[in-house]
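Peer 1: missing the sequence, but the structure's below:
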């Protein structure tokens, strides 16, 4: 078969998958094999579980992604000096050479209007907006010296998730699945659950497999009886008929495999059978009817109602079923002032995420799952100490110092790492860059970030590009 026909066949298979269950089956039906560290030509199942570079602390990741940039100054990082200087112009030394999304460098400083209290044995400062977080202060590790490079939402979200502000790079979940495969043979290895009033800026690039085969892309799940579009049988086709169809296709593919020895055919056989199993497994995992009333109350789940709370509970259920990487995305943290502000709208969004975020940690812990599940909480950047001159309180995008937190899987519990300066502007101690966070997440999964590479267009690429250091200080 000449090159023209070879590429035409592959393009046809890739395009035809889009009618078989959104990105989930598009990836499952992709037959490309890997030439990198995570798989080799001839793998019958590229998603089979594999050992990493060394013993892992975590077997799964749950990323609670607060899309839009939560304000560290309203949530985790009170600054008495900022309160005292409220309404004054920020010193020029802080803003010289810096760029902002909307405000001028001479914008006035804005103290928070929120009260804080010490929480846990570690005495973490936690806002009145997050009362349930106070109950898990001794189970999480606060990263109060976070830094990133990109101050516009779409590119910043892509940067946090892929290591590059440019579209087209593989997401962290895709890299992890590429490196380790999946413990589940009936669900996607990488699942995306969304909540909030709209999708995130950056869209599917946040969970894309980039130049990796689409097998490693995140699969968005929808609420309802069909969490994956077009996965169910066509009208008039019952499960027995579908099984018979799969058997016939498998036999034909095996005949072709025996003739050609093409290992991609073996991969495709496995993909069809996995897709068939997903028809039962995906609706089952989304059905919360088997959860106790106490568990539903813990998370704040209203049965039958889609919410961030329901997604947190689903994340635990997905980990139990062997899913490797689960990303929850909750939007509308972009509090500039106006409709999205620090006076009223931040109250509603924190109510939506506070209780279930805390419940997830408690639930994982009591089930013995926090020891090998890594939970990440945070957004693409923070908010400026300066306010925006609008009719209601707000802050601009800020990349030089903000807060995220981690929990579980060998991360120190009840630990505060890093700090910002006296007005919450610059990270000054314990600085953790986005690439450092990515390197540390991979480390806990048993993957050395400089060794997890994929050759593309003549170059070996990795999640952290040419950057990133392991943040050893936060490891237990």
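Peer 2: Nice, thanks for sending it over. Predicted, not measured: the structure shown is a model, and the values here were computed from it.

Peer 1: check contacts around the closest residue to residue 308 other than its chain neighbours.
Peer 2: Closest residue in space to residue 308, ignoring its immediate chain neighbours: residue 195 at 4.3 Å, by CB to CB, 6 or more residues apart in numbering. All C-beta atoms are positioned from the backbone trio N, CA, C, and that covers glycine. Shown in contact with residue 195 (CB atoms under 8 Å, 6 or more residues apart in numbering): 306, 307, 308, 311, 328, 329, 330, 331, 352.

Peer 1: neighbour count, distance to residue 457 and pLDDT added to the residues you listed, as CSV?
Peer 2: What follows is the contacts of residue 195, written out as CSV (neighbours: other CB atoms under 10 Å; distance: CB to CB, whole Å; pLDDT from 0 to 100):
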residue, neighbour count, distance to residue 457, pLDDT
306, 14, 40, 90
307, 19, 42, 94
308, 25, 39, 96
311, 28, 36, 96
328, 26, 33, 98
329, 24, 29, 97
330, 26, 35, 96
331, 18, 33, 95
352, 18, 42, 97
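
Peer 1: filter these down to just the ones in strands.
Peer 2: Of the contacts of residue 195, the ones assigned to strands by DSSP state E are 328, 329, 330.

Peer 1: thought the second one was touching residue 65?
Peer 2: So the one you mean is residue 329. Yes: between residue 329 and residue 65 a contact is recorded at 4.9 Å, counting by CB atoms under 8 Å.

Peer 1: got any residues that touch both of the two?
Peer 2: 200, 206.

Peer 1: now do stretch 68-79: distance from first to last residue.
Peer 2: 22 Å (CA to CA, to the nearest Å).

Peer 1: stretch 92-104 too?
Peer 2: OK, stretch 92-104 end separation, CA to CA: 11 Å.

Peer 1: buried ones in that stretch?
Peer 2: By neighbour count with 16 or more other CB atoms under 10 Å, stretch 92-104 contains the buried residues 94, 95, 100, 101, 103.

Peer 1: hmm, residue 89 and the second one touching each other?
Peer 2: No: the criterion here is CB under 8 Å, and residue 95 misses it with residue 89 at 9.6 Å.

Peer 1: find residues that contact each of the two.
Peer 2: residue 106.

Peer 1: from the ones in strands among the contacts of residue 195, pick the one nearest residue 475.
Peer 2: The closest of the ones in strands among the contacts of residue 195 to residue 475 turns out to be residue 328 (CB to CB; 24.3 Å).

Peer 1: contacts only, for that closest one.
Peer 2: By CB under 8 Å, 6+ apart, the neighbours of residue 328 are 62, 63, 64, 65, 193, 194, 195, 308, 311, 312, 315.

Peer 1: out of the residues you listed, which is most surrounded?
Peer 2: residue 312 (30 neighbours; other CB atoms under 10 Å).

Peer 1: go ahead and confirm residue 152 touches residue 99.
Peer 2: No: taking CB under 8 Å as the definition, residue 152 is not a contact partner of residue 99, at 9.9 Å.

Peer 1: checking residue 413 next. Helix, strand or coil?
Peer 2: Recorded secondary structure, residue 413: coil (DSSP: H, G, I helix; E, B strand; the rest coil).

Peer 1: any idea how far the nearest residue to it once chain neighbours are set aside lies from residue 77?
Peer 2: Take residue 413 and drop its neighbours on the chain: the residue closest to it by CB to CB, 6+ apart is residue 139, 5.2 Å away. Residue 139 sits at a distance of 19 Å from residue 77 (criterion: CB to CB, to the nearest Å).

Peer 1: more neighbours: which of those two?
Peer 2: Neighbours were counted for residue 139 and for residue 77 using other CB under 10 Å; residue 77 has more, 23 against 20.

Peer 1: which SSE is that one in?
Peer 2: Using DSSP states H and E, residue 77 is not contained in any helix or strand.

Peer 1: cool, and residue 125?
Peer 2: Here residue 125 sits within strand 124-127, counting by DSSP H and E.

Peer 1: could you give me the average pLDDT of the helix or strand containing residue 255?
Peer 2: Here residue 255, judged by DSSP H and E, is contained in helix 239-260. For helix 239-260, mean pLDDT rounds to 79.

Peer 1: who does that helix touch, helix- and strand-wise?
Peer 2: Packed against helix 239-260 by the contact rule (3 or more CB pairs under 8 Å, 6 or more residues apart in numbering; DSSP states H and E) you find helix 263-286.

Peer 1: for the helix or strand following the helix it packs on, the averaged confidence score.
Peer 2: For helix 263-286, the following helix or strand on the C-terminal side (DSSP H and E) is helix 293-299. Across helix 293-299, the average pLDDT comes to 97.

Peer 1: how about helix 293-299: buried residues?
Peer 2: Quick answer for helix 293-299 (16+ other CB under 10 Å): 296, 298, 299.

Peer 1: out of these, the closest to residue 48 would be?
Peer 2: Closest to residue 48, out of all of these and judged by CB to CB, is residue 299, at 32.4 Å.

Peer 1: how about the contacts made by that closest one?
Peer 2: 309, 310, 312, 313, 355, 356, 359, 360, 363.

Peer 1: what do you get for residue 130?
Peer 2: Contacts of residue 130 by CB under 8 Å, 6+ apart are 75, 350, 354.

Peer 1: mind checking how far it is from residue 340?
Peer 2: 18 Å.

Peer 1: one more: residue 385?
Peer 2: 18 Å.

Peer 1: same check, this time on residue 246
Peer 2: Using CB to CB, residue 246 is found at 48 Å from residue 340.

Peer 1: for residue 411, same thing?
Peer 2: 31 Å.

Peer 1: more neighbours: those two, which one.
Peer 2: residue 411 (27 against 17).

Peer 1: measure that one to residue 370 for me?
Peer 2: For residue 411, the distance to residue 370 - CB to CB - is 10 Å.

Peer 1: the stretch 1-150 of the chain: strands as residue ranges?
Peer 2: 60-66, 116-119, 124-127, 140-147 (DSSP state E, counting those that start in this stretch).

Peer 1: between the ones you listed, which one is nearest to residue 107?
Peer 2: Going by CB to CB, the one of the strands of the stretch 1-150 of the chain nearest residue 107 is strand 140-147, 20.5 Å.

Peer 1: mind checking how far that closest one is from the chain centre?
Peer 2: 17 Å (CA atoms, centre = their mean, to the nearest Å).

Peer 1: show residues contacting it.
Peer 2: 72, 76-77, 124, 361, 377-378, 382, 399-407, 411-420, 427-434, 437, 474.

Peer 1: ok, how many other residues are close to residue 463?
Peer 2: Residue 463: 30 neighbours (other CB under 10 Å).

Peer 1: show me what contacts it?
Peer 2: Per CB under 8 Å, 6+ apart, neighbours of residue 463: 162, 163, 170, 172, 175, 438, 442, 449, 452.

Peer 1: out of those residues, name the ones that lie in helices.
Peer 2: 162, 172, 175, 438, 442 (DSSP state H).

Peer 1: which one (most neighbours) among these?
Peer 2: residue 175 (32 neighbours).

Peer 1: show me what contacts that one?
Peer 2: Shown in contact with residue 175 (CB under 8 Å, 6+ apart): 212, 216, 442, 447, 452, 462, 463.

Peer 1: from those residues, which is closest to residue 287?
Peer 2: When the contacts of residue 175 are compared against residue 287 (criterion: CB to CB), the nearest one is residue 216, at 26.8 Å.

Peer 1: that closest one touches residue 170, doesn't it?
Peer 2: Yes: in terms of CB under 8 Å, residue 216 counts as a neighbour of residue 170; the distance is 6.9 Å.
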